[in-house]
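1. I'd like to go over a predicted model; first the sequence, then the structure.
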Amino acid sequence: MSSTEVAAQVANMYDTILILDFGSQYSHLITRRIREAGVYCELLPCTQKISELKFKPKGVVLSGSPYSITDKDAPHVDPEVFNLGVPILGICYGLQEIARNLGGETSLAVKREYGHAELTLDPQADHHSFHLFQDVPSPTNVWMSHGDHLESPPNDFVIIGSTSTSAYAAVAHTTLPIYGIQFHPEVTHSVDGSIILRNFVIGICQCEANWTMSSFVDKELERIRNLVGPTGSVIGAVSGGVDSTVAAVLMKRAIGDRFHAVLVDNGVMRLNECEQVKKTLADNLGINLTVADAADLFLGRLKGVTDPEKKRKIIGNTFIEVFETESHRIDEVSRQSGLGPIEWLLQGTLYPDVIESISFKGPSATIKSHHNVGGLLENMRLKLIEPLRELFKDEVRALGTLLDIPDDLVWRHPFPGPGIAIRVLGEVTREQVEIARRADHIYIEEIKKAGLYRQIAQAYAALLPVRSVGVMGDQRTYEQVIALRAVESKDFMTADWFPMPVETLKRISNRIINEVQGVNRVLYDVSSKPPSTIEFE
Ligand SMILES: Nc1ncnc2c1ncn2[C@@H]1O[C@H](COP(=O)(O)OP(=O)(O)OP(=O)(O)O)[C@@H](O)[C@H]1O
Ligand SMILES: O=c1[nH]c(=O)c2[nH+]cn([C@@H]3O[C@H](COP(=O)(O)O)[C@@H](O)[C@H]3O)c2[nH]1
Ligand SMILES: NC(=O)CC[C@H](N)C(=O)O
Ligand SMILES: [Mg+2]
């Protein structure tokens, strides 16, 4: 089954809003806000042919765009969208696109408008039974980001809101449920933006607000069972991270022991991590788990390697090799015990990955080659099952809580596939991994003690490939340096360094230097992303 077919399956189970993406940097936020209103929505590129749509939306949102509507190569929507007979909301470029299709006029603005604006509502002007601005005070603060504007709206459109610089900041058709707004309701700077979007999807499109994690669980369990059938078996790699754990627990609920989880001990996991994951997943959550001990194999292949990309490639390729060997073994055992062959591979793909891959803007430049299980499929001839592909990270966390996964796992910071290997700069040896591991363990322990863990998106200790001079017990030391990294981030695409309290830093530095042999200096990383990245390699 193709991934669009899977998406359509889900879209057909809920009242769904279709968001057509013209490449705006805020498009995914429209999706977020609508989901927060409890309504399911799908983001598709603006080039989507309406006749090829696999579900019937209850309403359509046209996003903003970096293009100017007057550009020769500007993207345009399939005009059939206006014949769907469902409500339409155009945001910024989307408004201009509505005007272009329905006979209005747009032009390049004299001056760009970026930032706050005060929107004054004209309640008289909205003739529809449900008002787009229901419960919104007038004036209200909105966020503008545009160069072009409406010169005149199409026939039968009236103004329902304006600002001092935009006469047509909000317009509506007098009889049809078609709306256009020049500002961005999806960004938090538009203070009543969420209410406006909720008014559109629930009040105007009349969607049922049934997108909740508990309804998702019921429907998803049913979908998985139908997909896999009464005898099918599924295999999946689990890391102990949030995504793979939630996906694994969902599979366990759906098909029990016909789901086989594999944890690869690559020798570069955190301190005691493999034992802990085994305890939680197998002992507490009852998942059918195999731990493949491949630490020697990984560390052997990493010997003498210092180049970050080479390390990543070695770990990625070795991971695939180990996982394949394990899955053949499990397949064999499964056949012999009468459970049937393994036909499916579980992946913890999330919605941001899906958005990225269908992005209207196309793929972005490779900064680092991320290791995940994507490379497995070609050789394995397994069908893919991705129960989280409709969810954002915070939805995955909510789902995890609902599935009774312990809090410390649900709120765990992300951990990269290549693990500590990309946090030990220079050659990765067993001894170096051990130093980084111990320092990291102390660091995280103290962050938790200080009650800061949840405020931080990701924190870890890296071991730098340099030595510095120190003095301990009147003796000269010449030892290594630990760098502490902690960042705040929503999506890990951009990040700011976390302002760690000085007292906490003092305690951490003191403990690391005293307790971790081989370290005599601790630094705190104050670089944001960009221009740095979150990981050192
Ligand atoms: N050591 C490992 N053993 C088995 N599978 C792994 C290992 N490391 C990574 N994976 C696989 O690679 C996938 C991608 O890793 P990723 O870190 O993005 O997700 P995660 O670990 O599930 O969650 P999180 O993002 O919270 O760390 C995991 O979901 C898991 O399937
Ligand atoms: O599963 C993963 N496999 C990888 O190879 C990998 N490399 C980086 N990361 C994580 O991605 C986020 C962004 O990291 P960077 O700013 O270093 O690119 C951060 O959360 C990183 O921890 C990885 N995750
Ligand atoms: N944010 C937007 O959608 C901007 C649309 C268009 N690029 C403009 O400048 O008006
Ligand atoms: Mg991980």
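-> Noted; the coordinates are in hand. Ligands and ions are numbered 1, 2, ... in the order given.

2. Assumed residue 355 was part of a strand.
-> No - counting by DSSP: H, G, I helix; E, B strand; the rest coil, residue 355 is located in no strand; its state is helix.

3. who's in contact with it?
-> By CB atoms under 8 Å, 6 or more residues apart in numbering, the contact list for residue 355 reads 27-28, 31, 43. From N, CA and C alone the C-beta is placed, and that goes for glycine too.

4. now with 10 Å?
-> Neighbouring residues of residue 355 by CB atoms under 10 Å, 6 or more residues apart in numbering: 21, 27-28, 31, 43-44, 392.

5. Name the spans of the stretch 351-500 of the chain whose pLDDT lies under the cut-off.
-> 356-378 (pLDDT under 70).

6. Any figure for the gap between residue 122 and ligand 3?
-> 22 Å (CB to the nearest ligand atom, to the nearest Å).

7. can you pull the pLDDT of that residue?
-> Looking at residue 122, its pLDDT reads 90.

8. Now do the phi/psi pair for it.
-> Per-residue torsions, residue 122: phi -120, psi 90 (degrees, to the nearest 10).

9. That one: neighbour count?
-> 15 (other CB atoms under 10 Å).

10. Could you measure from it over to ligand 1?
-> For residue 122, the distance to ligand 1 - CB to the nearest ligand atom - is 47 Å.

11. same thing with residue 191?
-> 32 Å.

12. For ligand 3, state which of the contacts of residue 355 is nearest.
-> residue 27 (9.7 Å; CB to the nearest ligand atom).

13. Contacts only, for that closest one.
-> 19-21, 43, 45-46, 61, 63-65, 91, 186, 355, 359-361.

14. On the pLDDT front, check the nearest residue to residue 40 once chain neighbours are set aside for me.
-> Leaving aside its chain neighbours, residue 40 sits nearest to residue 14 (3.8 Å; criterion: CB to CB, 6 or more residues apart in numbering). Note for residue 14: predicted pLDDT of 90.

15. my read: residue 14 touches residue 41, true?
-> Yes - assessed by CB atoms under 10 Å, residue 14 is found in contact with residue 41 at 9.0 Å.

16. Touching both of the two, which residues are there?
-> By the contact definition CB under 10 Å, 6+ apart, residue 14 and residue 41 are jointly contacted by 58, 207, 211, 390.

17. quick one: which of those has the most company?
-> Neighbour max across the shared contacts of residue 14 and residue 41 (other CB under 10 Å) = residue 207, 25 neighbours.

18. With residue 88 as the reference, measure out to that residue.
-> From residue 207 over to residue 88 the distance is 14 Å, taken as CB to CB, to the nearest Å.

19. now do residue 284
-> Residue 284 is 49 Å from residue 88, by CB to CB.

20. Pick out whichever of these two has more residues nearby.
-> Using other CB under 10 Å, the more surrounded residue of residue 284 and residue 88 is residue 88, with 28 against 13.

21. hmm, which helix or strand of this protein has the shakiest average pLDDT?
-> Least confident helix or strand, the chain: helix 377-380 with a mean of 68, by mean pLDDT, DSSP states H and E.

22. What's the first helix or strand after that helix?
-> strand 383-385 (DSSP states H and E).

23. With just CA atoms, put the very next helix or strand once past that next one into PDB.
-> Note on strand 383-385: by DSSP H and E, the next helix or strand toward the C-terminus is helix 393-402. The C-alpha trace of helix 393-402 is given here as PDB (Å, rounded to 0.1, in the frame of the first residue of the first chain):
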ATOM      1  CA  LYS A 393       6.200  14.700  18.400                       C
ATOM      2  CA  ASP A 394       4.000  16.200  21.100                       C
ATOM      3  CA  GLU A 395       1.100  14.000  19.900                       C
ATOM      4  CA  VAL A 396       3.400  10.900  20.100                       C
ATOM      5  CA  ARG A 397       4.200  11.900  23.700                       C
ATOM      6  CA  ALA A 398       0.500  12.300  24.500                       C
ATOM      7  CA  LEU A 399      -0.100   8.900  22.900                       C
ATOM      8  CA  GLY A 400       2.800   7.400  24.900                       C
ATOM      9  CA  THR A 401       1.200   8.600  28.200                       C
ATOM     10  CA  LEU A 402      -2.200   7.200  27.100                       C
END
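
24. Helix 393-402: which residues count as buried?
-> By neighbour count on 16 or more other CB atoms under 10 Å, the buried set for helix 393-402 is 393, 395-400, 402.

25. again with stretch 229-241
-> Neighbour counts over stretch 229-241 (16+ other CB under 10 Å) mark 232-241 as buried.

26. Over to stretch 35-47?
-> Going by 16+ other CB under 10 Å, stretch 35-47 has these buried residues: 35, 37-46.

27. just stretch 446-462 next, same as before
-> Neighbour-count burial for stretch 446-462 [16+ other CB under 10 Å]: 446-447, 450, 452-453, 456-462.
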